[in-house]
Structure formats: C-alpha cells, structure tokens
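Peer 1: Sharing a model prediction with you, sequence too.
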Amino acid sequence: MILFFVAFVVMLLVGVPISISIGASAILGCIRLGYPLMVIGQKMVSGIDSFLLIAIPLFILAGNLMNAGKITEKIFDFAKRLVGWIPGGLGHANVVASLIFAGMSGSAAADAGGLGTIEMEAMTTNGYDEDFSAAVTAASSVIGPIFPPSIPLIIYGSVASVSVSELFIGGVIPGLLMSVALMVMVFFFAIKRGYPRFPFSLKELGKQFIASILSIITPLIILSGFTAGWFTPTEASSVAVAYALLIAIAVYHTMDWKTFKKCLLESALTSANTLFIIGTSLLFSYVMVKEGISTEIANFILGISDNPNLILLVINIILLILGMFMEPGAILTLMIPVLLPIVHSLGIDLVQFGVVMVLNLMIGQVTPPFGVCLFIISDVAKIELNRMYKSILPFIGPLLVVLMMCTFIPSLVTWLPGKLLGA
C-alpha cells in the first residue's frame, strides 16, 4: 500500500495530470495487491454509468452556449444597471452577474473563462486596478458551483446517494451569503480607493431588464422546476441547453453553425476530462475501501475528539489543504467514502455536509498555489500569477466566514429544502 500512495504523490509532484496520477496509481495498487484485472474496467465504467451524471456534460454545454451566444453580456449589462450605483459599482455588478450566471452553468471555470472576460474588460476600462478586477472576478466565479445548478453537487449526490434536488436548493442561501460577503469586501475597497460608480436610473434599469429578461429568468425556470417537481436535475440540464440555444438563435441571433460546433467540441473535451477523473477516482477509492484505508483514516479523525464541531473543523482544514492542490471532482470521489462514516456517526445532515464540502473545495479553486480559477483569470487578464496570489487573499476571508457559518449553523443549508421540498 505504501507503493500505491508513493506512486500517486510522485506523479502529482512531477506534473502528471491528476486523472492519470489517480488512475495509474490505482491500477498499480490493483496489480500489486493481486486484484483481477477486470476490476479496473468494471469499477471505472460502473462509476460513471449513472443517469444522474448525464447532467454534467449538459450543464457544461449550457454554460458554453451562453458564453458563445453572448447571453453573459446581457446578464452583466443588467447587473451593472442594478447595482452599479453602489461605490465600486462594476465590482458589485461582477458579483451579481456571477450569481445569475451560476443559476445556468454550475461551473466556476465557465464563469471565470466566459463571463470573466467581459467583467475584466469593463472594470479595467473604467479605471479599476487590474489586480483588484482579477481578484473580484476569480472570487465571484466560485459562487457558480454553490448556487443551483452545480456540477460538484451532482458528483456529491451521485457518490453519496443524496437527493441532488435537495442539494441544489440547499445551496441557494449559501450562494446568496457568498455574494453579500464579497460585495461587502468590494465596498470596503471602493471607499478606500475611490473607485467609480454609475448614477442610478430607474428608466435605464427598466430598459435593460426588458432587454435581458430572457437571460436572467433562467435560474428561476430551473429552481421552479425542482420545487414544483416538473423535472429532475438531469432533465433540468437538458432544459438549460435547449433554452440557451433557443434564445441565442431565435432572440439574440448570436449563434451560428460554426460556433455551435465549437461549443460541442469544447464541451465534449471538458466533459470527458471530468468523467475520466470521476472514473479513476472511484477506482482509487475502491482500493482504499477494500484495503481498509478509508476506515483507518475515519477512525483517526474520530479519535481526535468526540466534539462534532471540532471534528467538522478538522475536516474543513483537511479539505481546504487538499483543495489547494487537487481538482474538486477528484477530491469528492476520493474523500466521500472516507468522510461519510464520520458524518453518519456524528449525525450530521448529508445535504448540509455536501454543500459545506463543495463550498470548501470551491474556495480551493481560488487559493494559491494551484487554484484553477486563478490560472484561468491570470491567462484571461494577462496578469502574472504572483500578482494574482497577492490580490486574491483579502477575498478568501469573506468566503471562509461563509464556510464557517454554513458549517456551524446547519439551518442555513437545510431550512430552504425543508420548506420547499419537505426534506
């Protein structure tokens, strides 16, 4: 088993992609421990052979269609009119636009790579520092996987056998709290540095609302579908794709055949990578469970204390450290089999824990040294990574505050699913 873990760590350190590192070390473990080779294929295929996971490529496609179809521009223009009058107006618009876009794509990378480009250009053009603009864009992108729909929550629900609809609704209040916390930080910097704002105009807001209404009601359609029982999360992903295509082609006239094919290709590549990570991670987890490693880790964590709050704090610290170095999908599939026995023994609600776990891992997406969103924004904005590392640090604080609130105040996550779904 030492060889199993050493191989995984060494491959990560030398820069081998996370999916290959996990898969190769898991295969090496299977061979070294004498497992039948057919187990390798069986576990990887059965791990992703799920109706629920069909939602992942569809939500990825929906996000790409919205970016390519200029729907994100409509969202940002509306957000600018809505909150642009507050000191640091475009910074607030950045956060609000990310919240609305979160209700469509469920992906931090889609937000950072698509909407982020528009937000960065608008902010720097209007006199905002590049570093500040990049930090706000990166920090706001992590709202995407918390506010429904959410690709990481789909993965959690699939692996942990938890209702994805409950997880989605459970992410609404934490997503709103993240937005408010980031806007408070933007306000602080705006007052300190004298960032500009736009004069408020109810007439212009009304015009922009009418021009953008088809874009901004998408989250409402998806949320209404869950709560009313019109469609499942997987069906919701199909609705999101169809709706994005409809308004891009028939209303905004921003989608042609060449652009559509490009969206399909990009979505296929991203989906293949995500699902391959899930498959290899489940094989890795199988070896860990089979050899009793998961149980040993769980017993070690439970041996620290019998105080549930302290155990939750330890779990959060472990996940934050892992999130600095690894991809969220891999951490979810690797750590859920380890952490679920602990959660069950402490009597923690699985919906609350799922939202807390995903929120934790999303903070890792903007945490140095290997936060994925930092790399995306650095590339989009042409800013050196060391500048990104320095500028993002003040925004990690508010996100950690929200994480602690959701960890130690369960009702912030569980109240809304209970009210809307009777969960």
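Peer 2: Now that the structure is in, tell me what you want to look at.
Peer 1: center of the protein, which residue is that?
Peer 2: Centroid-nearest residue in the chain: P145, 2.8 Å away (criterion: C-alpha atoms, centre = their mean).
Peer 1: Skipping its backbone neighbours, what lies nearest I173 in space?
Peer 2: L412 (5.3 Å; C-beta to C-beta, 6 or more residues apart in numbering). Glycine gets a C-beta too; all of them are placed from N, C-alpha and C.
Peer 1: mind showing which ranges of this structure have poor pLDDT?
Peer 2: Applying pLDDT under 70 to the chain flags the ranges 1-4, 103-116, 423.
Peer 1: what about the longest helix in the protein?
Peer 2: Across the chain, the longest stretch assigned as helix under DSSP state H is helix 257-290.
Peer 1: May I see the buried residues of that one?
Peer 2: 260, 263, 266-267, 270-271, 274-288 (16 or more other C-beta atoms under 10 Å).
Peer 1: helices or strands next to it in the packing?
Peer 2: In terms of contacts (3 or more C-beta pairs under 8 Å, 6 or more residues apart in numbering; DSSP states H and E), helix 257-290 is packed against helix 18-32, helix 38-48, helix 55-68, helix 151-160, helix 293-302, helix 328-346.
Peer 1: which element follows the fourth one toward the C-terminus?
Peer 2: Using DSSP states H and E, the next helix or strand after helix 151-160 towards the C-terminus is helix 164-170.
Peer 1: helices or strands up against that next one?
Peer 2: Where contact means 3+ C-beta pairs under 8 Å, 6+ apart, helix 164-170 is packed against helix 151-160, helix 218-228, helix 233-246, helix 350-364, helix 411-421.
Peer 1: Report all helices and strands that the shortest one contacts.
Peer 2: When contacts are defined as 3+ C-beta pairs under 8 Å, 6+ apart, helix 151-160 packs onto helix 55-68, helix 164-170, helix 257-290, helix 328-346, helix 350-364.
Peer 1: what does it contact?
Peer 2: With contacts defined as C-beta atoms under 8 Å, 6 or more residues apart in numbering, helix 151-160 is touched by 50, 52-53, 55-56, 59-60, 106-107, 145, 162-164, 167-168, 171, 233, 274, 278, 282, 328-329, 332-333, 336-337, 340, 350, 354-355, 357-358, 361-362.
Peer 1: Save the helices and strands packed on helix 257-290 as TSV, and put in distance to L177 too.
Peer 2: Converted to TSV, those look like this (distance: least, C-beta to C-beta, whole Å):
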stretch	distance to L177
helix 18-32	30
helix 38-48	32
helix 55-68	23
helix 151-160	16
helix 293-302	27
helix 328-346	20
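Peer 1: With I377 as the reference, name the closest of these.
Peer 2: helix 55-68 (14.9 Å; C-beta to C-beta).
Peer 1: roughly how far is the closest one from the heart of the chain?
Peer 2: Distance of helix 55-68 from its chain centroid, counting by C-alpha atoms, centre = their mean, to the nearest Å, is 14 Å.
Peer 1: which element follows it toward the C-terminus?
Peer 2: The helix or strand immediately downstream of helix 55-68 is helix 71-83, counting by DSSP H and E.
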